[in-house]
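> build me a model:
(one chain, ligands or ions: 2)
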Amino acid sequence: MDRKELRSKLAQLQAEGKIVPPMSLIKTEEQLQGIRESAAINTALLDYITPFMKEGITTEEIDKLVYDFTTSHGAVPAPLNYEGYPKSVCVSINEVVCHGIPSKTRVLRSGDIVNVDVSTIYKGYFSDASRMFLIGEVPAAKKKLVEVTKDALELGLQEVKPWGHVGDIGAAIEAHATKNRYSVVREFCGHGVGNAFHEDPYILHYGKRNTGMVMVPGMIFTIEPMLNMGSRNISVSRKDGWTVTTVDKKPSAQWEYMVLVTEDGFEVLSH
Ligand code: MF3
Ligand code: CO
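Ligands and ions are numbered 1, 2, ... in the order given. The predicted structure is shown next:
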């Protein structure tokens, strides 16, 4: 479908009362090409750090690996100085839900579950993805949280198809979390990405089918569910203004994919 056909199809859907994306969220071929390059660096970065994710490394050392890899590829770490964020990556361990700030004093220990969230700017185009890592001997209950969170993301991903609703993604994720007696964090959600770090639409990881924006080929967004072993309640550090933790101090896990809506489904651009 070319942009002209798309425009009239969107006008028709809007007349039927649906929430449709503005054309600015439908990436052009030129934008898509740049975003793919950014996303390829972002995925390569996650692959690069993987063998370093072992007992004994400090989160500050992980930050340096991320900074050096990214800049050596002619790219910029998107988190660095983003709204005052002081580092190049978020490293969130155990009860830290997201936005963990790397530090010289936090050493990865056996039993930790760790999310590394990386975002890259290349030629002005943004990419974003995160993975979980298990350090040493991880108790079965924490391992299960990590696995169920990944499965929830995969189930959400299967809902990505043109003319579906973004609410279908959240409904699938929430159903899988609930089935496993985990809770879903509501304060943070997936988001459009590519021309900026955070764009419309917002992708809730809970909610109802057939609600929210219609998915259209050429849209790009993240799906990045955070599941908690205990209650969904979170708090933001008063000390650093960033670190998000569970209120009950029980573990939380997150995986994040960056996804393109295609003519017949989806393509994962960074993972
Ligand atoms: N990477 C996060 C996301 O998934 C955003 C982190 S903002 C930062 O949207 F400033 F903390 F890096
Ligand atoms: Co994101």
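
> which of the three states applies to residue 37?
Classification of residue 37 by DSSP: H, G, I helix; E, B strand; the rest coil places it in helix.

> any figure for the gap between residue 145 and residue 21?
33 Å (CB to CB, to the nearest Å). The way it works is simple: take the backbone N, C-alpha and C, and place the C-beta from them, glycine included.

> please apply the same query to residue 256.
Residue 256 sits at a distance of 21 Å from residue 21 (criterion: CB to CB).

> surely residue 83 is in a helix?
Yes: under three-state DSSP, residue 83 falls within a helix.

> can you map out the helices along the protein?
With DSSP state H as the criterion, the chain has helices at 3-15, 29-49, 59-72, 140-157, 167-179.

> compare neighbour counts for residue 256 and residue 21 and give me the winner.
residue 256 (24 against 21; other CB atoms under 10 Å).

> count the neighbours of residue 266 for me.
Neighbours of residue 266 under the rule other CB under 10 Å: 20.

> how about residue 137?
Other residues lying near residue 137 total 9 when counted by other CB under 10 Å.

> which bits of the protein sit near ligand 1?
79, 82, 83, 85, 90, 99, 117, 119, 128, 224, 256 (CB under 6 Å from any ligand atom).

> can you tell me which of those are classed as buried?
The neighbour-count test (16 or more other CB atoms under 10 Å) marks 79, 85, 90, 99, 117, 119, 128, 224, 256 as buried among the residues of the chain next to ligand 1.

> for the second one, give me its contacts.
When contacts are counted by CB atoms under 8 Å, 6 or more residues apart in numbering, residue 85 touches 79, 99, 101, 242.

> look up phi and psi at it.
Residue 85 adopts backbone torsions of phi -60, psi 130, taken as degrees, to the nearest 10.

> the first one too?
Here the main-chain torsion angles of residue 79 (degrees, to the nearest 10) amount to phi -70, psi -30.

> isn't it up against residue 119?
Yes: look at residue 79 against residue 119 with CB atoms under 8 Å: they come within range, at 5.8 Å.

> now for the two: what residues contact both?
What both residue 79 and residue 119 touch, as defined by CB under 8 Å, 6+ apart, is an empty set.

> how about the strands in the stretch 151-271 of the chain?
Assigned by DSSP state E, counting those that start in this stretch, the stretch 151-271 of the chain shows strands spanning 183-184, 190-192, 199-203, 220-223, 226-228, 234-236, 244-246, 252-254, 257-262, 265-270.

> list the buried ones in the last one?
Pointing back at strand 265-270 there. Using 16+ other CB under 10 Å as the test for burial, strand 265-270 gives 265, 266, 269, 270.

> pull up the pairing partners for it, direction included.
According to DSSP bridges, strand 265-270 has the following sheet partners: strand 257-262 (antiparallel).

> the strand it pairs with and ligand 2, any residue contact?
No: counting by CB under 5 Å from the ion, ligand 2 has no neighbours in strand 257-262; the shortest distance is 7.8 Å.

> leaving out chain neighbours, which residue sits closest to residue 256?
Spatial nearest neighbour of residue 256, chain neighbours left out: residue 224 (3.5 Å); criterion: CB to CB, 6 or more residues apart in numbering.

> same check, this time on residue 108
With CB to CB, 6+ apart, the residue lying closest to residue 108 is residue 135, at 4.9 Å.

> ok, that neighbour - contacts?
53, 54, 55, 108, 109, 110, 111, 112, 113, 114.

> which of those residues are buried?
Counted by 16+ other CB under 10 Å, those give 53, 108, 112, 113, 114 as buried.

> point out the residues in the stretch 101-250 of the chain that sit beside ligand 2.
128, 222.

> from the contacts of residue 85, pick the one nearest ligand 1.
Ligand 1 lies nearest to residue 79 out of the contacts of residue 85, by CB to the nearest ligand atom, at 3.0 Å.
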